[in-house]
Structure formats: C-alpha cells, structure tokens
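> from the sequence below, what's the structure:
(one chain, ligands or ions: 2)
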Amino acid sequence: MPVMLDIPVNIPGGQYPIFLGEGLLGDVGTLLQGRLPGKRVVVISDDLVSPLYASPVLHGLNAAGFASEHLTVPAGEGSKSWDALQRLLDTLLARTIDRKTTLLALGGGVIGDLVGFAAAIALRGLSFVQVPTTLLAQVDSSVGGKTGINTAAGKNMVGAFYQPLAVMMDSATLSTLPPRHLQAGYAEILKYGLLGDAAFFAWLEENGKAVLARTPNALHHAIAHSCRAKAAIVAADEKEQGVRALLNLGHTFGHALEAVTGYGDQLHHGEAVAMGCRMAFQLSVSLGLCPASDAQRVERHLNALGYPATLPTLVSGQAWDSERLLQAMEGDKKNSHGQKTFVLAKGIGETVLQAGVPDETVRTVLQRFGAS
Ligand SMILES: NC(=O)c1ccc[n+]([C@@H]2O[C@H](COP(=O)([O-])OP(=O)(O)OC[C@H]3O[C@@H](n4cnc5c(N)ncnc54)[C@H](O)[C@@H]3O)[C@@H](O)[C@H]2O)c1
Ligand SMILES: [Zn+2]
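Residues are numbered from 1 along each chain as shown. Ligands and ions are numbered 1, 2, ... in the order given. A predicted model of the protein is given here:
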C-alpha cells in the first residue's frame, strides 16, 4: 500500500476520513473494508475518467470482497442537470439497488456533485464515497458534503448537504489531467492561503510553479494542506451559517463570470475564481479595507503562474457587460434583503463577509479588469 495520509473530517453527525496517497486507487477496496453498510458498490464515473481509472478501482473492490458494478455518464458540466440526475436515478432503481448499496463517485467535481446528490435522495439516502480525480475535486469539492445540480436559475441551485463515508484521493491520477484543469484547480488551493493562512500563501509564492509542474512533494503538500484547511472550516460550520461562507472568496465575481459565459468550456470554474480573487482584492482596496500592496501581491502571484491579468476575450467577440455581471450577482446565495454580500479581504490571510457593497464600486472594479 502507498504511503498515505489520513485526515479526519469532524462533523456534528460523526467523522469521516480523507485518505491521500500516490497510487492509492487500487487500494480503495481494502481501505473501504469495514466502512460500508453492505457489499454492493456502484462505481459511477464519466466517459473520460472511466477508461483511465475505473478498472483498478473495480478490481480492487472485487479483490476486497465487494460486488462492484460500473455506470458511466457523459463528461462535462451538462451532467449536473435534472436530466442526467433522473437518468442516473432511473438506472440505479432499475438495477434494484437497496439501502445497503454504496455509490462511489470516481471523477471530478461534476461526478462528485451529481453522485453525491443522487446518493442523498435515492431510497431516501444511500452511503457514498468520493474518489476525486481532478485537482479541484481533491482540494475542494469532494470534502465537505456539498452536492447538487445546476438548474435554469443557476449553478448548484438544487442540492443537499450530504457527507460521504470516506474520501480517497490518488495524486497519481493528476498525471493525466489536462494542464488547463490543473491550473483551474490551483485557484481553489490559492483561496485557502488568501482567506485565512498568510504563511500558506507565502509557501505558494515559493512553490506554486512546482505544484503546477506536478512535482510530487509540492503537489502532495498543497493537496494535504488544502484538505486540512477545508476539513477545519467544514467542522466549524457544516451548513454554511458562518465561517464556511469565507470559502466563497473570489466566487461572487467568479460565478457571475461563469453565468455570463454559460458555464461552458470558455471559462472553467477555477479560472473564474482566479479572476474573482483579483477582483475581490481590488474591491477590498476600493472600499478601504485592504492595503493596495496586498492586492498587488495577489496579482503578481497569479501573473507569475500565467493567469490572464484581465478578462479574456469572449468567444462571441462582444465586450463583458458590467450590468449583466451585476445582475448575475443578484442571485448569489450569500445576499440577504436584496443587498450584495461579498467575501472581502483585510489583507492576505484575513477575510470578512461584507453585506451592502454598493453596485457602483463593484462596477468600477469590473471595468478595471476590462468589462464595459
Ligand atoms: N461541492 C463543492 O463543494 C464544490 C466545490 C467546488 C466546485 N464544485 C463543482 O465542481 C465542478 C467542477 O469540477 P471539476 O473542475 O473537477 O470538473 P469536471 O468534473 O468536469 O472535470 C473536468 C474534466 O476533467 C476530466 N477528468 C477528470 N479527472 C481526470 C483525470 N484524472 N485525467 C484526465 N481527465 C480527467 C473530466 O472528464 C472532465 O472532462 C463544478 O460543477 C463546480 O460547481 C463543487
Ligand atoms: Zn470553487
């Protein structure tokens, strides 16, 4: 078995482990022994991940005495939809799953969110396990129990807080991840430094390039640190009534950018979050909360790693419209009483939730980054 880290996630209902190891995939079956309610495990992945990684997981499960089955859904954000959810549930029910069946999500954030939500509602709740294979899913989405799908009203508008029994990540799976997805996932790592851990940000300034170059030690450290940070925040506030909202740093802007581009290939979630972090720091400076030098440090770090300094040109050729972006922010889950709420920075490593941010100031920030 590979060298492994075991990070506990403590939530009010109990505790579950995050296992992280290079080459762990084949040991998933062994690691799950004694942890599942029954012997039947349905492995669900997308059609890009399946040919790469389903086989070692299925073999490992069978060798450990489980009866494993495999289902595949189309790759891409489109699978976080009512249609895909319905198809998945119908297929599972047609296979006469029972309450002791476990669903295993093998893939990126899309698979984790979809399968987690299916597990939350099939037969009023099945056990599920996360085996994340993208950097974004390993450092963020697989931990903490947020599951769900997108609807006409927006991203993640329907879902459940539903915790897995275990999260098992194999950093070796990142060897096949396209560089663009690696860079997108890195934005969520950066977020942990910016929102509450200046020392980690300083480490990233030194080692960010090595993380993106997939240098094993750097990558392992960044993933482990991020998982610990996420686990601590989730333990303090599972249902996002307080501190967990800080994980939304860069996301109010980011989600608006994604909404305008239609959640497609044009702008990936992590790319939107990286731009959103620049904007959130700039907004914090504009509101007199944060020294300009800290915002510049964030900008320098992102520039050094090759993230675009301004909004990328839209495929349509049209300009980014600040009014549309402001409108997209109106549906943000953090808003209350019609007031826009942002996660803002007092400096690197110190963030606050701020309600009542004026549109005018947000508009100026959007325009500074290239919106009309
Ligand atoms: N639940 C949460 O807390 C949370 C947090 C952040 C993001 N999210 C959600 O996560 C989703 C984005 O996740 P994502 O970026 O992982 O996207 P994704 O699941 O679409 O994966 C990205 C692409 O990489 C492919 N892929 C996955 N693993 C691979 C590997 N090892 N090698 C090669 N290709 C691989 C996938 O097939 C897909 O095409 C969004 O829907 C977002 O809303 C959820
Ligand atoms: Zn995110």
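> near ligand 1, which residues of the chain are found?
Selection of the chain residues close to ligand 1 by CB under 6 Å from any ligand atom yields 46, 48-49, 52, 75-77, 80, 107-111, 113, 133-134, 136-137, 140-141, 144, 146, 155-156, 173, 176-177, 181, 184, 269. The way it works is simple: take the backbone N, C-alpha and C, and place the C-beta from them, glycine included.
> narrow these to just the buried residues.
Using 16 or more other CB atoms under 10 Å as the burial test, the residues of the chain next to ligand 1 include 46, 48-49, 52, 75-77, 80, 107-111, 113, 133-134, 136-137, 140-141, 144, 146, 155-156, 173, 177, 181, 184, 269 as buried.
> how about the contacts made by the closest residue to Ala198 other than its chain neighbours?
Closest residue to Ala198 in three dimensions, ignoring its sequence neighbours and counting by CB to CB, 6 or more residues apart in numbering: Gly349, at 3.1 Å. Taking CB atoms under 8 Å, 6 or more residues apart in numbering as the criterion, Gly349 is in contact with Gly193, Leu194, Leu195, Gly196, Asp197, Ala198, Ala199, Phe201.
> rewinding a little: keep only those of the residues of the chain next to ligand 1 that are in strands.
Secondary structure assignment (DSSP state E) places Asp46, Gly107, Lys146, Lys155, Asn156 from those within strands.
> the residues you listed: which two are farthest apart?
By the measure CB to CB, Asp46 and Lys146 form the most distant pair in these, at 18.9 Å.
> which among the ones in strands among the residues of the chain next to ligand 1 gets closest to ligand 1?
Ranked by distance to ligand 1 (CB to the nearest ligand atom), these are led by Lys146 at 3.7 Å.
> the contacts of Gly349, buried ones only, as a ChimeraX selection?
In ChimeraX, a selection of the buried entries from those looks like this (16+ other CB under 10 Å):
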select :193,194,195,196,197,201
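> now the two most distant members of the contacts of Gly349.
With distances taken as CB to CB, the most widely separated pair in the contacts of Gly349 is Leu195 and Ala199, at 13.0 Å.
> just the strands in the protein please.
When secondary structure is read from DSSP E, the chain shows strands at 4-11, 14-21, 40-46, 67-73, 102-107, 127-132, 146-151, 154-161, 166-170, 342-347, 350-354.
> re earlier: turn the contacts of Gly349 into JSON lines, including pLDDT.
Converted to JSON lines, the contacts of Gly349 look like this (pLDDT from 0 to 100):
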{"residue": "Gly193", "pLDDT": "97"}
{"residue": "Leu194", "pLDDT": "98"}
{"residue": "Leu195", "pLDDT": "96"}
{"residue": "Gly196", "pLDDT": "93"}
{"residue": "Asp197", "pLDDT": "96"}
{"residue": "Ala198", "pLDDT": "98"}
{"residue": "Ala199", "pLDDT": "98"}
{"residue": "Phe201", "pLDDT": "98"}
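> columns distance to Gly34 on top of the contacts of Gly349, output as JSON lines?
Formatted as JSON lines, the entries for the contacts of Gly349 read as follows, by distance: CB to CB, whole Å:
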{"residue": "Gly193", "distance to Gly34": "36"}
{"residue": "Leu194", "distance to Gly34": "39"}
{"residue": "Leu195", "distance to Gly34": "36"}
{"residue": "Gly196", "distance to Gly34": "35"}
{"residue": "Asp197", "distance to Gly34": "34"}
{"residue": "Ala198", "distance to Gly34": "40"}
{"residue": "Ala199", "distance to Gly34": "37"}
{"residue": "Phe201", "distance to Gly34": "39"}
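> just the closest of the contacts of Gly349 to ligand 1, please.
Distances from ligand 1 to these, taken by CB to the nearest ligand atom, are shortest for Leu195, at 14.1 Å.
> surely the closest one meets Leu247?
Yes. Counting by CB atoms under 8 Å, Leu247 is a contact partner of Leu195 at 7.0 Å.
> low-confidence ranges, the chain, go.
Per-residue confidence of the chain (counting by pLDDT under 70) places the weak regions at 1-3.
> residue nearest the centroid of it?
By CA atoms, centre = their mean, the chain has its centre lying nearest to Ser141, at 3.3 Å.
> which residue sits closest to that one, ignoring its sequence neighbours?
Sequence neighbours aside, Gly109 is the residue nearest to Ser141 in space, at 3.8 Å (criterion: CB to CB, 6+ apart).
> tell me the contacts of that neighbour?
Applying CB under 8 Å, 6+ apart, one finds that Gly109 lies in contact with Pro132, Thr134, Leu136, Ala137, Asp140, Ser141, Ser142, His269.
> residues in contact with the last one?
This means His269. Taking CB under 8 Å, 6+ apart as the contact definition, His269 lies against Gly109, Leu136, Ala184, Gly254, Glu258.
> residues contacting the closest residue to the second one other than its chain neighbours?
To tie it back to what came earlier, the one meant is Leu136. Computed as CB to CB, 6+ apart, the closest residue to Leu136 that is not its neighbour in sequence is Gly185, at 3.8 Å. Under the criterion of CB under 8 Å, 6+ apart, the neighbours of Gly185 are Thr134, Leu135, Leu136, Ala137, Gln138, Val139, Asp140, Leu177, Gly270.
> good, we can wrap up now.
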